[in-house]
Structure formats: C-alpha cells, structure tokens
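Asks: Turn this into a model:
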Amino acid sequence: MTNKQASQTVVANDADAEQKTSALNQINISLDELARTIKEYVAFRTPAMRMICVMLVSYLEAYFEDIFIDLATRAPGIIKSPEVDAKRLMEVGSIEELRSEVFRTWAKAQVRSGGPKNWCRRMREMGARSLDQAAIDAVQELYDVRNLIVHDRAMVSHAHARAYAQSGAVAGAKVTIAGKRLTDWLSASRRLVEGVESFWGSYGGRHNS
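Replies: Predicted coordinates:
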C-alpha cells in the first residue's frame, strides 16, 4: 500500500468513526428526551389519577344525596327523627320550604355516614334488592382511597393496608393508581348506579342525574 492509499484509508476510517459517533450521540439524545418525557408523564399522571378518584367520589356523593332527597320526598316516613332548627320555624316562608330543608339535611347525613357500604345498607333497609355487592365493595375501596388522598396526603395508613391488603396496599406508601384499577372502579360505579336507578325507579320517579 502506498503512502497515498494509507492516508486515504485513515481518512475513511476517521469519517466512519465520526459518523458512528454522531449516530450514537443522536441515540443518546433521543433516549434522554424519552426519559424526560416519561418522567414528566409520570409526574403528571400520578396526581391526575388521584384527582380523577376524588372527582368520581364527589360525583357519587352528590348523586346519592340527590337520590336520598327524592326518596324522602316520596316517602317522608323513612325519616324517623326529623331534625328541625327551632329558629328556622320562625324564618321559613312555608311548611314546604321547611320540609325541603329537613329532607336535604337528612340526605346529607346519610351520605356522610361512612361511605357506599352504609349508603347501600340504608337503601336495602328501604327495600333495595338490586344492588351488586361486589360493586359496593369496589366503590367502598375507591371511597377509602379518596379519603387517603384528601385527608392523609395520599399516604396509606395501617388500617387501610390491613383492609385492602389484597389490592396491594402497603402502610406508609403513597397511593398509586394503575389504569386498570381506575377502570375497574369506573365499571363498579356504573353497576352500582344502575342498581340504585333500578331501585329508585320502583318509587315511580324520574331522576335526572
């Protein structure tokens, strides 16, 4: 090989090496961008999934409160001990206004009485037979997870971990919500609402949710 040929070979090798280095740099840049995107996605997804849970429970609470108000309106006898503020007796414009306040107060008390299991137990006492127990259990877990998010900085308590060990709850860990878990909760919520609507329909009402 002549000196000229050797020089050309060296130049070609340098060019190949530079090209490979450039390609490797591009791959590294792409991987860094992907890692950054995943990190940003996870940072957004975690609070977003938690917020969806909070919003879903808020919807269910409002829905059940509305249902309880309607049931009380149709069958006032289900309120065993109506709470009436004596001062309001002098302020209300009519007995119907007072009745409406009593119904709303009673309905709020039902919804604040421990979550879906208690809501549905109350409805069963009123004659509901169409409520799916598996759906109730799933929505109760959703409700309890919401309470962790809202009241305990999304930290799993020992009591929650014991109650939901089968779901992988670990005391001291932060609440994380997989997509399938949220999908299951949405499905359970739908089944529960369908059961409530079936029961509510037996009262002959037309509920607009």
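Asks: Which helix or which strand is home to Y143?
Replies: helix 133-151 (DSSP states H and E).
Asks: Where does the most centrally placed residue in the chain sit, in terms of helix or strand?
Replies: Geometric centre of the chain, nearest residue: C53, 1.7 Å, by CA atoms, centre = their mean. C53 is part of helix 3-74 when elements are defined by DSSP H and E.
Asks: re the thing from before, tell me which residues of the very next helix or strand once past the helix holding Y143 are tucked away?
Replies: Moving toward the C-terminus from helix 133-151, the next helix or strand (DSSP H and E) is helix 158-163. Counting neighbours by 16 or more other CB atoms under 10 Å, one finds that the buried residues in helix 158-163 are H160, A161. All C-beta spots, glycine's among them, are computed from the backbone N, C-alpha and C.
Asks: model confidence over helix 158-163, on average?
Replies: Mean pLDDT, computed over helix 158-163, is 96.
Asks: pLDDT averaged over the helix holding C53 - what is it?
Replies: pLDDT averaged over helix 3-74 gives 76.
Asks: quick one on the thing from earlier: any idea how far the residue nearest to the residue nearest to the centre of the chain when sequence neighbours are not counted is from S202?
Replies: For C53, ignoring the flanking residues on the chain, the nearest one in space by CB to CB, 6 or more residues apart in numbering is R146 at 5.3 Å. R146 sits at a distance of 29 Å from S202 (criterion: CB to CB, to the nearest Å).
Asks: Look at those two and report which has more neighbours.
Replies: Taking neighbours as other CB atoms under 10 Å, R146 and S202 compare with R146 leading, 21 against 11.
Asks: hang on, the more buried one packs against M55?
Replies: No. Using CB atoms under 8 Å, R146 is not in contact with M55; the gap is 9.3 Å.
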